[in-house]
Every structure is written in C-alpha cells, then in structure tokens.
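[1] Can you look at this prediction? I've put the sequence above it.
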Amino acid sequence: MKKVDLSFQSCKSEYKDSDVVIFSAPLDLTTSFRPGTRFAGNHIRIDSVGIEWYSPYQDKSLKDYNTCDIGDLEMPLGDLEGALDVIYKTTKKIIEDKKTPLMIGGEHLVTYPAVKALIEEYKNLHIIHLDAHTDLRDEFLGMKLSHATVLRRLYDLGAKIYSFGIRSGDKHEFEWAKEHIYLRKFDLETLDEKVNLLKDKPVYITIDLDVLDPGVFPGTGTPEPGGIQFKELLQALELFRNLNNIVGADIVELNPLLDSSGASTMAAIKALRELILLLHK
C-alpha cells in the first residue's frame, strides 16, 4: 500500500514504516435519510491543515509518530457486497502487516467489514460504540446489511458490545438490547466503569459522530437533538487512554455537505487527531 498526496495533516509516513494506517471508506449506499457521507474523507483531509499537529489533551504530537494515510478506498459503485469486501480485505491486510487500522466513514455500515476482519484475529473482541442510534434492527427496509443494522451484525459476529449516548431507535431494539448488550441511554455515564472493565481486553472503538448534539454537529445525515457536547467526546477519548489494547477504530457519519460552515468537519478532524494519538499508545 502507498500513501497518497492528499493526506490527513502530517500523516505522510511510508506504509512500511507506519504503526497506524488511516483509510476512508466512501460508502453511503444504505443511507436512509440524507446521503453524502462518502465525501467525508477528503473533506477531512483538505481541512486538516487547519489544526495543530500537537494535542494539548494528550501532550503528544502527530509529527512524533509514523502514520500513513492511504486515502479513499476504490469501491465498486452500486455494489454493496463488493464495497464491503474491499473494506474487509483492506483491514485484513493492515492487520496482517502488524499495523492498526483507523477508518473514516462513510455510513456506519463500514464498521461491519472492518470488525469482521479484526474478530478473525481477536476472538474476544469488545466494541465501544458511541452513537445517537441503536443500530440494532435485524433488518431495515428488507436489508440485513444497513447502517441501521450494523451493531446487530457485529453482535452476530461474536463481538461484545457497549453502547453509549443512545437516544433513538425502535422500541424492540431497546428491548433486545436489555438481553444482549450493554446500552447506556442519553449520555456517557458509566463509560469510565466499562473502560476499567475492558482495560486489558482487545477493544475496537466506533464513533458515530451523530452522538454529538446537532447544535454543535449539524453535518450528519440523521441528526438527533439531545446529544453530548464536544467536550464530553474529548473526555471520552481521554478515558480511552486507559485501554491497553485498542486494536482499531473508526469515526463515521460526517456529512460535510450539510454544514457549509465547516464546523462539523473540524469537529471530526479534532476527534480524529486524538484517535490517531491514542492508537499510537
């Protein structure tokens, strides 16, 4: 794999030298409300020149670590299964090369093939999931593979799921969750307890950015009022520093076309910087 000319901030290391590999999955084939997440990756790359390399939250700088950005994956237009297979094979290759994958969505379904690859390596995989939505339907509009079913499919793979910030979903999803996963409604309370519980477990972090309140993050396809503030997201990312085995992560559901101010894109960029530095731990 090769790095691309347009990369996230200072993440321009050669693939062979890198510990963390960034890629974006420009997929929004199952988006049920307002499409456009496929444009997130390159909007993030272009605007990333607007943030510092240095994180005062972690006292670490991007320039001190080897990170490669391989850009947008080339995925077959209109072919959902084919697109998911590209993500799976990319993630699998990164893992086989002893590197850590960090994916930019795309709709939330992109998490499924990435976790599918990771769970083949880490049988006891745990998912920390920040989101406004349950994403636990068994099918949606007749589809088993959808942004609205992705967490249910991760459960089917055998992943153990811990969801936070959830404030939207069908009643049966909440009822199903009571018996099968950990789900915290509305906020991130108890996240510290679960991080402590998972301290030495293999963990994948998936952040659907619509966990943020649309007042601070309007650039998403399905906004849900009542979300967390950006400061709370940063506090969550700081908590994740206590995890000793983060094996991969993603941020998904930025739709840059829906926020012409660029503020939502900048929020995604800042969260991504913190995730990169976390993975270099």
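    Yep, that arrived. Residues are numbered from 1 along each chain as shown.
[2] Which other helices and strands does the helix or strand containing residue 47 contact?
    Taking DSSP states H and E as the criterion, residue 47 maps to helix 40-47. Using 3 or more C-beta pairs under 8 Å, 6 or more residues apart in numbering; DSSP states H and E, the elements in contact with helix 40-47 are strand 20-25, strand 67-72, strand 100-105, helix 263-279. Bear in mind the C-beta positions are built from the backbone N, C-alpha and C, glycine included.
[3] go with 7 Å
    strand 100-105, helix 263-279 (3 or more C-beta pairs under 7 Å, 6 or more residues apart in numbering; DSSP states H and E).
[4] Need the contact partners of that helix.
    Helix 40-47 is contacted from outside by 6-8, 24, 26, 72, 104-106, 254, 256, 262, 265-266, 268-269, 272, using C-beta atoms under 7 Å, 6 or more residues apart in numbering.
[5] Please work out which of the helices and strands packed on helix 40-47 is packed deepest.
    Among the helices and strands packed on helix 40-47, the stretch with the highest mean neighbour count (mean count of other C-beta atoms under 10 Å) is strand 100-105, at a mean of 26.
[6] need the helices for the stretch 101-250 of the chain, in chain order.
    With helices called from DSSP state H, counting those that start in this stretch, the stretch 101-250 of the chain shows them at 111-121, 150-157, 171-180, 191-197, 230-239.
[7] okay, the second one in CSV with CA atoms only?
    In other words, helix 150-157. C-alpha atoms of helix 150-157 as CSV (Å, rounded to 0.1, in the frame of the first residue of the first chain):
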residue,chain,number,x,y,z
VAL,A,150,-24.7,-2.7,11.8
LEU,A,151,-24.4,-3.2,15.6
ARG,A,152,-26.8,-6.2,15.3
ARG,A,153,-24.4,-7.7,12.7
LEU,A,154,-21.4,-7.1,14.9
TYR,A,155,-23.2,-9.0,17.6
ASP,A,156,-23.8,-11.8,15.2
LEU,A,157,-20.0,-11.9,14.5
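[8] Could you give me the buried positions within stretch 78-92?
    Across stretch 78-92, burial judged by 16 or more other C-beta atoms under 10 Å covers 80, 83-84, 86-88, 90-92.
[9] Can you verify my assumption that residue 55 contacts residue 273?
    Yes: taking contacts as C-beta atoms under 7 Å, residue 55 lies within contact range of residue 273: 6.1 Å.
[10] I figured residue 23 hits residue 90, correct?
    Yes: with contact defined as C-beta under 7 Å, residue 23 reaches residue 90; the gap is 6.0 Å.
[11] Quickly list what's touching both of the two.
    With C-beta under 7 Å, 6+ apart, residue 23 and residue 90 have common neighbours residue 73.
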